[in-house]
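*Asks:* Need a 3D model of the following:
(one chain, ligands or ions: 1)
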Amino acid sequence: MEPTTPTAKPAFSPAAQAEIKRLLTHYPDERKKSTLLPVLHIAQAEFGGWVSPEVQDLVAETLGLAPIEVYEVSTFYTMFNLKPVGKHVLEICRTGPCMLRGSDELTAHLERITGAKVGQTSPDGHFTLKEVECLAACGFAPVVQVREKYYESLDTEENVQAMLSELKGLVHRPILPWEGNLPNSLQNN
Ligand code: FES
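*Replies:* Down below sits the predicted model:
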C-alpha cells in the first residue's frame, strides 16, 4: 500500500484570528456559537473559497463547538461551498420572478458557454455554476450574484457577455470580510 502524506492541519492567519477574537467580544462566553456564520465566511475566504471538512473542524475547534454544529449550518446555507470552486462562483437566481424572465434559458446558456453544468466548475477553472433562491433583486431579473456584485437584466446576450468578459479579466484578491477592521500591521496577512 502506498504511504499517504499527511496533509497539514489548516490554521487561521493572524488577521483572521484577530477578527475572530474581535467578533467574540460581541457575545458572552456561553454564546460563542453566535459567531458561527461570520466565522464560516472568514474560513471560506481564507481557504480558497470553500470549507472542507478539515476547515469546518477548525471552525468548531476555534469556537468550542461540536463539529456537527458546524456541519449542520454549513450544509444548510447555499453561500457556503462544500467542495472546491472555480475562480468565480456564479449564483444564478432560479426563483419565480427570475424564472419568468428567463433564468432557465440563462442557466442553459451559461452551461453551454462555460462547459460546466450547475454544481460544476468549467474546465478552464474560471467559473462554478450554482443555482440559488431569490437574491432580492427581482426588479432586475434575471440576476446572477458573484461574490459582492450583482449582474442584472441578464436576458440579453450583450449583458451576459459583458458579465463574463468582466469576470475573466478580473484578478481580484479574496474579499476578506474583516478588511478595514484591522490595524495596518495585520492587513494582508
Ligand atoms: S426572484 Fe430572482 S432576484 Fe428575486
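*Asks:* can you pull out the helices in the chain?
*Replies:* For the chain, the helices defined by DSSP state H occupy 14-24, 36-46, 53-63, 67-74, 96-100, 103-114, 157-168.
*Asks:* Can you point out the buried residues in the first one?
*Replies:* Of the residues in helix 14-24, 15-16, 18-20, 23-24 count as buried by neighbour count, 16 or more other C-beta atoms under 10 Å. (Each C-beta comes from the backbone N, C-alpha and C, glycine too.)
*Asks:* can I get those residues in TSV with distance to the ligand and pLDDT?
*Replies:* As requested, the buried residues of helix 14-24 are exported to TSV (distance: C-beta to the nearest ligand atom, whole Å; pLDDT from 0 to 100):
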residue	distance to the ligand	pLDDT
Ala15	33	90
Ala16	31	92
Ala18	35	93
Glu19	30	92
Ile20	32	95
Leu23	29	94
Leu24	34	95
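*Asks:* low-confidence ranges in the chain?
*Replies:* 1-7, 170-189 (pLDDT under 70).
*Asks:* Leu90: which of the helices of the chain is closest?
*Replies:* helix 103-114 (6.5 Å; C-beta to C-beta).
*Asks:* That closest one and the ligand, any residue contact?
*Replies:* No: counting by C-beta under 6 Å from any ligand atom, the ligand is not contacted by helix 103-114; separation bottoms out at 7.0 Å.
*Asks:* can you dump the C-alpha coordinates of that helix into PDB?
*Replies:* Output of helix 103-114 as PDB, limited to C-alpha atoms (Å, rounded to 0.1, in the frame of the first residue of the first chain):
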ATOM      1  CA  SER A 103     -33.500  32.200 -15.700                       C
ATOM      2  CA  ASP A 104     -33.800  28.600 -17.100                       C
ATOM      3  CA  GLU A 105     -32.600  29.800 -20.500                       C
ATOM      4  CA  LEU A 106     -29.900  31.800 -18.900                       C
ATOM      5  CA  THR A 107     -28.700  28.800 -16.900                       C
ATOM      6  CA  ALA A 108     -28.700  26.600 -20.100                       C
ATOM      7  CA  HIS A 109     -26.800  29.400 -21.900                       C
ATOM      8  CA  LEU A 110     -24.200  29.700 -19.200                       C
ATOM      9  CA  GLU A 111     -23.800  25.900 -19.200                       C
ATOM     10  CA  ARG A 112     -23.100  26.000 -22.900                       C
ATOM     11  CA  ILE A 113     -20.700  28.900 -22.800                       C
ATOM     12  CA  THR A 114     -18.700  27.700 -19.700                       C
END
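*Asks:* Show me what that helix is packed against.
*Replies:* In this structure, helix 103-114 makes packing contacts with strand 88-93, strand 127-132, helix 157-168, judged by 3 or more C-beta pairs under 8 Å, 6 or more residues apart in numbering; DSSP states H and E.
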